[in-house]
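**Q** only the shape, not the letters, is given here:
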């Protein structure tokens, strides 16, 4: 046991000596969280739009005003001909063009129907979709206010967004970011620290000593459990303090699940270092094989349900998906273990699988 | 005398390359045993097999009676191993490195301080310095201290003096002699022929085969040729011309002179002088010289 602690002390020394890496380790969560929280956002305000008003009457003027005053849009310019639409889009600032047909108000009155065309800039499809929906909503509202009495039956939807009333993007990013950073620190850092010993030749000395493989592996991992755990706390705290992301469920359960995920990622890191001999290769595997799936195939940014079936299967063999489900459930919905026992068990399964595999793969000799 | 290391018919291949070919030898307890040979002779492979870090393809090896395959765990407790490449933690200080190696062998610096005192006291003034910032000689001393701190019964030193200055090399060998006096068996490899004379016995190794095992004196005695050292104003042309001399067995540069060997009676000092004056050499000197290990090695290599 004394040998083991001697090993752990040495690992901590390595980590604290390398203060640049340490700075990145602890600076990264803050920077990432703030970047994701502020920059990547689906919320829309002040999108520029243009109007091609071929009617120029009181009604079209009122509608334009409604759109402008909604807060979502800002009138950029008035167009005069169809030809100008394309040019306006090409200039790049304009996201939506609203076209009123000639004699708009007269037709509305006489024929009980008039046409308005909404042209979105679908080079950014999500935004175009949202803007067209918003504009349609504004038009419908205006129509309702015009002839509230004329329509005898109405269904008025009252939507409420549970668990994230204001549809804040950061609510989604905090769990995803936690998965990503814990994966990065745990898997990448351990796999690097073991392959570094191989590269420097010190592994040769460790192997020729009475240390057992288990002692080497666990000793390597031990410090990173700490670091990753501290990082998890930093992310939760920052999310709460800066963006108001709540922890509605049990904090103890949240920390336990984080600990579980950290262990999973660490054992994955060990596995990577057992099958590689260079830091560069270990880094490539950690980044490409771990980071990308964590970001893309976990429901972090893109919902799993919308993916093709094959990719959905892929998601289901990626541990991050379960972790993100679990922490969303605890943080946003306030669920207890009863609702997430299945995901928890799967994470435990992954951890055991990776540990067993790496102990099996750990070489007691050089070749 | 008791045997410390025993090796029988050991072979190891890396693909098509034969690193070791049926090597056999044994080292007595408390012996300072040297492997002399150029780079790529198979020294490192042999040391790694003995340190239980590699598996041989065939043959057997025991260290202090323990089999290197079956009893590797027992061997790892009783050996000190110093790899050819400097393999300590560069970002840890001198003292931290030593403490670490003491701890993983279940001991402390204080407990075995006596053993490393002579070596370690020389680097102790720099004990807070990072190992990566030490000079070559000091690195070697630290590495030896780390390999010794757990009081091993057998010490494997793979090219410990490569890349170390002449003074440090000499100090290093003196330390090895004192360790030997404490009863530690030492197996050391080196590409430097002049270090061979400092061992109890040497094995000359080339291309994975041992050419000769003997005491340094016997190796020299068994030299079968006559050897002369030849000087001239133009050493480069001298080597060139001597090689063309009929009857010469070998010619190679030795410092600022040439070493010329031939079968007894085939040539004479006068004959050589005569030949060289004919080929226009000035300031020529030809003197008989006692062969050293390097001459023997060259001779054995030519035969092989």
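**A** Nice, thanks for sending it over. Computed from a predicted structure; not experimentally measured. Residues are numbered from 1 along each chain as shown, chains lettered A, B, ... in the order given.

**Q** which positions in the stretch 51-200 of chain B make contact with chain A?
**A** Taking CB under 8 Å from any CB of the partner chain as the measure of proximity, the stretch 51-200 of chain B contacts chain A at B:51-55, B:72-73, B:76-77, B:79, B:81, B:83, B:85-92, B:96, B:99-101, B:103-106, B:146. Every residue, glycine included, has its C-beta placed from N, CA and C.

**Q** tell me the buried residues in stretch B:30-41?
**A** Taking 16 or more other CB atoms under 10 Å in any protein chain shown as the neighbour-count basis, stretch B:30-41 is seen to contain the buried residues B:30-37, B:41.

**Q** restrict those residues to those near chain A?
**A** The overlap between those and the neighbours of chain A (CB under 8 Å from any CB) is empty.

**Q** any quick ChimeraX command for the buried ones out of the residues of the stretch 51-200 of chain B next to chain A?
**A** Selection of the buried residues among these in ChimeraX, burial being defined by 16+ other CB under 10 Å:
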select /B:51,52,53,54,72,76,79,81,83,86,87,88,89,90,91,92,96,99,100,101,103,104,105,146
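
**Q** nearest residue to the closest residue to chain B within the stretch 251-367 of chain A other than its sequence neighbours?
**A** Closest to chain B within the stretch 251-367 of chain A is residue A:366: 4.6 Å, counting by CB to the nearest CB. Distances taken as CB to CB, 6 or more residues apart in numbering or on different chains put residue B:53 closest to residue A:366, at 4.6 Å, once the chain neighbours are dropped.

**Q** that neighbour contacts residue A:207, correct?
**A** Yes. Here residue B:53 lies in contact with residue A:207, judged by CB atoms under 8 Å, at a distance of 5.8 Å.

**Q** mutual contacts of these two, please.
**A** When CB atoms under 8 Å, 6 or more residues apart in numbering or on different chains defines a contact, the residues bordering residue B:53 and residue A:207 alike are A:365-366.

**Q** can you pull the pLDDT of residue 110?
**A** Here I'm looking at chain A. Reported pLDDT at residue A:110 in the predicted model: 86.

**Q** that was the other one, I meant chain B.
**A** 91.

**Q** number of residues surrounding it?
**A** Around residue B:110 sit 8 other residues, with neighbours defined as other CB atoms under 10 Å in any protein chain shown.

**Q** could you tell me the phi and psi values at it?
**A** Backbone torsions for residue B:110, taken as degrees, to the nearest 10, come to phi -60, psi -40.

**Q** OK, now which residue of the stretch 151-300 of chain B is nearest to chain A?
**A** Taking CB to the nearest CB as the measure, the stretch 151-300 of chain B has residue B:156 as its residue closest to chain A, at 8.6 Å.

**Q** partner strands of the helix or strand hosting that residue, parallel or antiparallel?
**A** Counting by DSSP states H and E, the element that carries residue B:156 is strand B:154-157. Strands that pair with strand B:154-157, judged by DSSP bridges, come out as strand B:79-82 (parallel), strand B:185-190 (parallel).

**Q** on that earlier part again, in three-state terms, label the residue nearest to residue A:366 for me.
**A** Under DSSP: H, G, I helix; E, B strand; the rest coil, the three-state class of residue B:53 is coil.

**Q** next up, the contacts around it.
**A** Neighbouring residues of residue B:53 by CB under 8 Å, 6+ apart: A:204, A:207-208, A:365-366.

**Q** name the helices or strands packed onto the helix or strand of chain B at the bottom of the mean pLDDT ranking?
**A** Among the secondary structure pieces of chain B, namely its helices and strands, helix B:293-303 has the lowest mean (mean pLDDT, DSSP states H and E), a mean of 80. Helix B:293-303 is packed against strand B:201-206, strand B:209-214, helix B:216-221, strand B:248-254, strand B:257-262, with contacts defined by 3 or more CB pairs under 8 Å, 6 or more residues apart in numbering or on different chains; DSSP states H and E.

**Q** tilt between the second one and strand B:201-206?
**A** Using axes from the mean of the first three to the mean of the last three CA atoms, to 10 degrees, the direction of strand B:209-214 lies 160 degrees away from that of strand B:201-206.

**Q** who are the packing partners of strand B:209-214?
**A** Here strand B:209-214 is seen to pack against strand B:17-28, strand B:201-206, helix B:293-303 when contacts are counted using 3+ CB pairs under 8 Å, 6+ apart.

**Q** kindly report the same for the last one.
**A** Strand B:257-262 sits against strand B:226-231, helix B:235-243, strand B:248-254, helix B:293-303, with contacts defined as 3+ CB pairs under 8 Å, 6+ apart.

**Q** and the residue in the stretch 101-250 of chain B that chain A sits nearest to, what pLDDT?
**A** Proximity of the stretch 101-250 of chain B to chain A (CB to the nearest CB) peaks at residue B:103, 2.9 Å away. The model reports residue B:103 with a pLDDT of 93.

**Q** phi, psi of it?
**A** Dihedral pair for residue B:103: phi -60, psi -40, per degrees, to the nearest 10.

**Q** ditto for residue A:196
**A** Dihedral pair for residue A:196: phi -60, psi -40, per degrees, to the nearest 10.

**Q** now do the same contact list for it.
**A** With contact taken as CB under 8 Å, 6+ apart, residue A:196 is in contact with residue A:279.

**Q** and the gap between the nearest residue to residue B:108 once chain neighbours are set aside and residue A:95?
**A** In this structure, residue B:108 finds its nearest non-sequential neighbour in residue B:102, 5.4 Å apart by CB to CB, 6+ apart. As for residue B:102, its distance to residue A:95 is 69 Å (criterion: CB to CB, to the nearest Å).

**Q** can you check residue B:272 too?
**A** Using CB to CB, one gets 98 Å for the distance from residue B:272 to residue A:95.

**Q** please apply the same query to residue A:83.
**A** The gap separating residue A:83 from residue A:95 is 19 Å, by CB to CB.

**Q** so which of the buried residues of stretch B:30-41 are in strands?
**A** Using DSSP state E, the members of those that fall in strands are B:32-36.

**Q** follow-up on the earlier one: helix or strand next in line after the strand holding residue B:156, which one?
**A** Beyond strand B:154-157 in the direction of the C-terminus, DSSP H and E gives the next helix or strand as helix B:166-181.

**Q** how much space between the nearest residue to residue A:117 once chain neighbours are set aside and residue A:88?
**A** For residue A:117, the nearest residue in space outside its immediate sequence neighbours is residue A:99; the separation is 3.9 Å by CB to CB, 6+ apart. In this structure, residue A:99 and residue A:88 are separated by 12 Å, where distance is defined by CB to CB.

**Q** do the same with residue A:359
**A** Relative to residue A:88, residue A:359 is positioned 64 Å away (CB to CB).
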